[in-house]
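Undergrad: here is a sequence together with a model predicted from it:
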Amino acid sequence: MPHFKKIFIATAFLLSMIHGVVSALDPSDDPLANYAAEKVSENTWVVHGSLEFPTPQNKGFMNNPAFTVTDKSVVVFDPASSLQAGEGLLKKIKKITDKPITHVFISHVHGDHWLGNQAIKATYPDAKFYAHPQMIEAANDGEADNWVALMENLTEGATKGTEAIVPDIALSDRQEIKIDNITVRAYLDDWAHTKSDAMFVIPEEKVLVTGDNVTYRRIARMSDGNFQGNIASIEKALETEVEIVVPGHGPTGGKEILGIFKSYLQTIYEASEQAVEDDKEPYEVKAELLPSMDAYHKWSGFEGEFGRHISQAMLEAEDANF
Ligand SMILES: [Zn+2]
């Protein structure tokens, strides 16, 4: 075989190898391509997103979009972080049913949970979008634009083209919305993970969608949150008649995951209250508390958030003392 021909074959082989590796990592522009829609109850599916923060690799997909198929339509909860992720979710839904998406429920103002609205609106212009009244206000007040820019920045342009479709139907606490053969009951908080949180129960499915009031195997950021309010919201969730809990981030589980995250928040808050009384510094609390936080050491984000959470909980405990 002539030398150049050998080189040509070797190069072609190498190129096909590289191409194979690249396409295994990135089979398409669909941020959900490497994630499955997992059935969690009779008619409800969840696509469990990455446990990381937004990166060019995960294209900003990091939450848990969920959907329930009714006898006539599809109800979506938190349709992910961008136009592209929303389109990916539509593809997943279409593999399961041809029924149209008619209702969309948003858990809170953080854009990783709802910027996928745009894809739904484009395909189903009549779909109704619901959220906490404070979610709607904050999003229209600048948070929507902040999140569009933040996502594009952190993903280095992977979410380009995303426009915020802000929900326009305000929910009230314990409101029940009948959709075909199912019900969606909203639980609203004044201040938990944010000042805009709604959790959703679908009683017929025994499913609770918590938004970021509850996370599992990933530590939630609390920079917009309130420890006491978040603990109270989880106590409300514990009283609901559900068996399946879909957290804002991390795997779906049973009601036990409510207790696991509540215990994280409560351990920190109670130690912080005591530390304020004893006049201790946050770093002392951190050192004392660390050995008892074994269950959370491996959670994504623990390293970065734990110290911050103690400082914040101590400020909150100080405020509560006055
Ligand atoms: Zn959040």
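TA: That came through, no problem. Residues are numbered from 1 along each chain as shown.
Undergrad: now stretch 132-151: buried residues?
TA: By neighbour count, with 16 or more other CB atoms under 10 Å as the criterion, the buried positions of stretch 132-151 are 132, 134-139, 143-144, 147-148, 150-151. The way it works is simple: take the backbone N, C-alpha and C, and place the C-beta from them, glycine included.
Undergrad: in a markdown table: the residues you listed, plus pLDDT and distance to N63.
TA: Output for the buried residues of stretch 132-151, formatted as a markdown table (pLDDT from 0 to 100; distance: CB to CB, whole Å):
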| residue | pLDDT | distance to N63 |
| --- | --- | --- |
| H132 | 98 | 17 |
| Q134 | 98 | 19 |
| M135 | 98 | 15 |
| I136 | 98 | 19 |
| E137 | 98 | 21 |
| A138 | 98 | 18 |
| A139 | 98 | 16 |
| E143 | 98 | 16 |
| A144 | 98 | 16 |
| W147 | 98 | 12 |
| V148 | 98 | 16 |
| L150 | 97 | 14 |
| M151 | 97 | 12 |
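Undergrad: closest one to S82 out of those residues, please.
TA: Nearest to S82 among the buried residues of stretch 132-151, counting by CB to CB, is M151 at 5.9 Å.
Undergrad: is the closest one in a helix, a strand, or coil?
TA: With DSSP: H, G, I helix; E, B strand; the rest coil as the basis, the three-state label of M151 is helix.
Undergrad: what lies in contact with the host helix or strand of H309?
TA: H309 is part of helix 302-321, with elements assigned from DSSP states H and E. The list of residues contacting helix 302-321 from outside it, by CB atoms under 8 Å, 6 or more residues apart in numbering, reads 219-223, 226-228, 268-269, 271-273, 275-276, 282-283, 285-286, 289-290, 293, 296.
Undergrad: among these, which ones are buried?
TA: Looks like the contacts of helix 302-321 have 219-222, 226-228, 268-269, 271-273, 275-276, 282, 285-286, 289, 293, 296 buried, using 16+ other CB under 10 Å.
Undergrad: for the closest residue to the ion within the stretch 201-322 of the chain, which non-adjacent residue is spatially closest?
TA: Sorted by distance to the ion under CB to the ion, the residues of the stretch 201-322 of the chain start with D212, at 3.5 Å. In space, D212 comes closest to G248 once its chain neighbours are excluded; the distance is 3.6 Å by CB to CB, 6 or more residues apart in numbering.
Undergrad: could you give the number of residues near that neighbour?
TA: Other residues within reach of G248 by the criterion other CB atoms under 10 Å amount to 28.
Undergrad: isn't it right next to R217, touching?
TA: No - the pair G248 and R217 does not pass the contact test of CB atoms under 8 Å, sitting 11.6 Å apart.
Undergrad: tell me the residue of the stretch 51-200 of the chain that sits nearest the ion?
TA: In the stretch 51-200 of the chain, the residue found nearest to the ion is H110; the distance is 3.5 Å by CB to the ion.
Undergrad: tell me the pLDDT of that residue.
TA: Looking at H110, its pLDDT stands at 98.
Undergrad: show me where the stretch 1-150 of the chain has its strands.
TA: 37-41, 44-47, 66-69, 74-77, 101-105, 128-131 (DSSP state E, counting those that start in this stretch).
Undergrad: the stretch 201-322 of the chain now?
TA: 207-209, 244-246.
Undergrad: for the chain, what lies in contact range of the ion?
TA: For the chain, the residues in contact with the ion under the definition CB under 5 Å from the ion are 110, 212.
Undergrad: sheet-wise, list the partners of the lengthiest strand in the chain with their directions.
TA: In the chain, assigned by DSSP state E, the strand with the most residues is strand 182-188. Take DSSP bridges as the rule and strand 182-188 pairs in its sheet with strand 176-179 (antiparallel), strand 198-202 (antiparallel).
Undergrad: just send the ones you listed back as JSON lines, with mean pLDDT too.
TA: Putting the strands paired with strand 182-188 into JSON lines (pLDDT from 0 to 100) gives the following:
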{"stretch": "strand 176-179", "mean pLDDT": "98"}
{"stretch": "strand 198-202", "mean pLDDT": "98"}
